[in-house]
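Visitor: give me a 3D structure for the following:
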Amino acid sequence: MTEPKKTLVVIGGGAAGFFCAVNAARLHPNLKVILVEKTSKLLSKVKVSGGGRCNVTHACFSIADMIKRYPRGASFLKKAFHHFFTTDTIEWFKQRNVVLKTEADGRMFPQSNTSQTIIDCFLKEADKYNVEIKLSADVKEINSTPKSKNTTTNANFLLKLSNGNQLYADYICIASGGFSKSEQFEWLKQLGHSIESPVPSLFTFNIPNNTITQLMGVSVENAVVKISGTKLLQDGPLLITHWGLSGPAALKLSAWAARELAVMQYSCTLMINWLPSYNENSLRDKLQELRFQLAAQKIINRNPFALPSRLWEYFLGQCNIKADSRWADLPSKEQNKLIKTLCAQEFAVKGKTTFKEEFVTAGGIQLSEVDVNTMQSKMVPGLFFAGEILNIDGVTGGFNFQNAWTTGWIVAHNINSTALQNF
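Guide: The predicted structure is shown next:
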């Protein structure tokens, strides 16, 4: 008599869930794989990532360097990446005729420049390996099924959906992403897991009523952004928007300072050094040199720091330096203001804004409760986790997707192994 197929239910139709489902179905032909998604859309973050191009991963091939991009979960991923890393991601897509290209900053995108290529690849894999997809299927409760002679199924879990339907599963992979509110984790707590409370990460800073927002669209290649009164700072490209400050420097800072900023209720003072190669003392010396070197030239026409012209003019206006002022005539009072503005300009932050719909949650399942080599719960046999539901998050640049691919693949690889069949 043929033994009935075991069933894996994957909760979450995002990057981690889909990668887990298609790989599990491919690697274990005798496994029935069902993917449930609470909304009516699949792979929504994949679709909008990278401005609609999908930042699949990052061209970083050293695990030691890679883990430096994760404010939370670095030690866990250091072990996980030995199972499936960026090189494996590139090869996985290549085998499915999706070639990735590397941009100057290390981000990797499909050569087609559209996220639809990635989505189509996953949908094709799901169809090829008979992954059953259920949309608008919101899981509200997971129970272990009692083992008795009266039980009509040998499955280990019973999932109750918001529409009243039920699913039985031998294995469950929870890949439902990050949650914005702690109460959304309640059904996971009922399984015995503890949750690191969720807070937003990867957002931009609102600086209302500040005149610099009139320069929206202006960016600098490198600036240092620091939260005043702390040691929290990041550097990189910085973009001025109509609501405040964005770009990699701001986003990285929001990630590394996610918990501190939540405690501050997103109200703080940012200090920006627009010229990271200078401090106030060295810039004072440089300006003294410029007084002689550019003596007869107008300050407004001769920007010696290669800053965007609109930004340079803004700085001069902030320091009350007149448009016809020459370098030789720069008064010490205005010079000191310019030094302070260029090296330590302060901005009052009031609130945050989501970055192009690419938001990440810091928090989730405590990593100490998960086996890094299988992604199986240490508390509930047959229960697995993948992606952002874990207390792992990275900065922008393809790092969060790599976490999704890695953890999803580890689950898929280990589902249905003999070690997991002894319940």
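Visitor: check the protein for its longest helix and report it.
Guide: helix 399-414 (DSSP state H).
Visitor: quick one: average pLDDT of it?
Guide: The average pLDDT within helix 399-414 is 98.
Visitor: please apply the same query to stretch 117-126.
Guide: Per-residue scores along stretch 117-126 average to 98.
Visitor: quick one: residues in contact with that stretch.
Guide: The contact list for stretch 117-126 (Cβ atoms under 8 Å, 6 or more residues apart in numbering) reads 18-19, 21-22, 25-26, 35, 42-43, 46-47, 54, 56, 93, 96, 98, 110, 131, 133. C-beta: built from backbone N, CA, C; applies to glycine.
Visitor: now do that stretch: distance to the chain's middle.
Guide: 22 Å (Cα atoms, centre = their mean, to the nearest Å).
Visitor: pull out the buried positions in it.
Guide: Buried residues in stretch 117-126, defined by neighbour count with 16 or more other Cβ atoms under 10 Å: 117-119, 121-123, 125-126.
Visitor: okay, now the unreliable bits of the chain?
Guide: Residue ranges of the chain with pLDDT under 70: 1-3, 146-153, 180-184, 355-358, 417-423.
Visitor: domain parsing for it?
Guide: Domain ranges of the chain: 6-199+360-420, 203-354, per automatic domain parsing.
Visitor: for the nearest residue to Gln166 once chain neighbours are set aside, which residues are in contact?
Guide: Excluding its sequence neighbours, the residue lying closest to Gln166 (Cβ to Cβ, 6 or more residues apart in numbering) is Lys160, at 5.7 Å. The contact partners of Lys160, by Cβ under 8 Å, 6+ apart, come to 139-143, 166.
Visitor: where does Phe292 land in three-state SS?
Guide: In three-state terms, and counting by DSSP: H, G, I helix; E, B strand; the rest coil, Phe292 is helix.
Visitor: what is the burial count for the residue nearest to it when sequence neighbours are not counted?
Guide: Spatial nearest neighbour of Phe292, chain neighbours left out: Ala328 (7.7 Å); criterion: Cβ to Cβ, 6+ apart. For Ala328, the neighbour count with other Cβ atoms under 10 Å is 13.
Visitor: thinking Ala328 is in contact with Lys298, fair?
Guide: No: using Cβ atoms under 8 Å as the test, Ala328 is too far from Lys298 to be in contact (10.6 Å).
Visitor: shared neighbours of the two, which are they?
Guide: Taking Cβ under 8 Å, 6+ apart as the contact rule, Ala328 and Lys298 touch no residue in common.
Visitor: now, the buried residues of stretch 117-126 that are in helices?
Guide: Short answer: the buried residues of stretch 117-126 in helices (DSSP H) are 117-119, 121-123, 125-126.
Visitor: circling back: packing partners for the longest helix of the chain?
Guide: Contacts defined by 3 or more Cβ pairs under 8 Å, 6 or more residues apart in numbering; DSSP states H and E place helix 399-414 against helix 15-27, strand 57-58, helix 74-80, helix 86-94, strand 383-385.
Visitor: quick one: which of the ones you listed is nearest Ile195?
Guide: Smallest distance to Ile195 across the helices and strands packed on helix 399-414 (Cβ to Cβ): 11.6 Å, for strand 383-385.
Visitor: what is the neighbour count of Lys47?
Guide: The number of residues near Lys47, taken as other Cβ under 10 Å, comes to 16.
Visitor: now do the same contact list for it.
Guide: Shown in contact with Lys47 (Cβ under 8 Å, 6+ apart): 54, 115-116, 119.
Visitor: at 10 Å what do you get?
Guide: 41, 54, 114-116, 118-119, 357 (Cβ atoms under 10 Å, 6 or more residues apart in numbering).
Visitor: now, of those, which are buried?
Guide: Buried among the contacts of Lys47 (16+ other Cβ under 10 Å): 54, 114-116, 118-119.
Visitor: just the residues you listed now: which is nearest Val199?
Guide: The closest of those, once distances to Val199 are taken by Cβ to Cβ, is Cys54, at 25.5 Å.
Visitor: which residue sits closest to the residue located most distally from the centre of the chain, ignoring its sequence neighbours?
Guide: Distance from the C-alpha centroid of the chain, by Cα atoms, centre = their mean, peaks at Ala296 (49.8 Å). In space, not counting the residues next to it along the chain, Ala296 is nearest to Arg326; the distance is 6.0 Å by Cβ to Cβ, 6+ apart.
Visitor: ok, which of the helices and strands packed on helix 399-414 comes nearest Ala257?
Guide: Here helix 74-80 is closest among the helices and strands packed on helix 399-414 (Cβ to Cβ), at 15.9 Å.
Visitor: follow-up on the earlier one: any chance of the helices and strands packed on helix 399-414 in a markdown table, plus mean neighbour count and distance to Lys286?
Guide: Putting the helices and strands packed on helix 399-414 into a markdown table (neighbours: other Cβ atoms under 10 Å; distance: least, Cβ to Cβ, whole Å) gives the following:
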| stretch | mean neighbour count | distance to Lys286 |
| --- | --- | --- |
| helix 15-27 | 26 | 47 |
| strand 57-58 | 27 | 35 |
| helix 74-80 | 18 | 38 |
| helix 86-94 | 17 | 41 |
| strand 383-385 | 28 | 53 |
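Visitor: dump these to JSON lines, plus distance to Lys231.
Guide: Converted to JSON lines, the helices and strands packed on helix 399-414 look like this (distance: least, Cβ to Cβ, whole Å):
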{"stretch": "helix 15-27", "distance to Lys231": "33"}
{"stretch": "strand 57-58", "distance to Lys231": "26"}
{"stretch": "helix 74-80", "distance to Lys231": "18"}
{"stretch": "helix 86-94", "distance to Lys231": "30"}
{"stretch": "strand 383-385", "distance to Lys231": "32"}
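Visitor: between the ones in helices among the buried residues of stretch 117-126, which is closest to Phe85?
Guide: Using Cβ to Cβ, those come closest to Phe85 at Ile118, 18.4 Å.
Visitor: could you look up the SS state of the closest residue to Thr396 other than its chain neighbours?
Guide: Nearest non-adjacent residue to Thr396, counting by Cβ to Cβ, 6+ apart: Leu251, 4.9 Å away. Secondary structure state of Leu251, per three-state DSSP, is helix.
Visitor: gap between Leu251 and Ile118?
Guide: Look at Leu251 and Ile118: by Cβ to Cβ, to the nearest Å, they are 22 Å apart.
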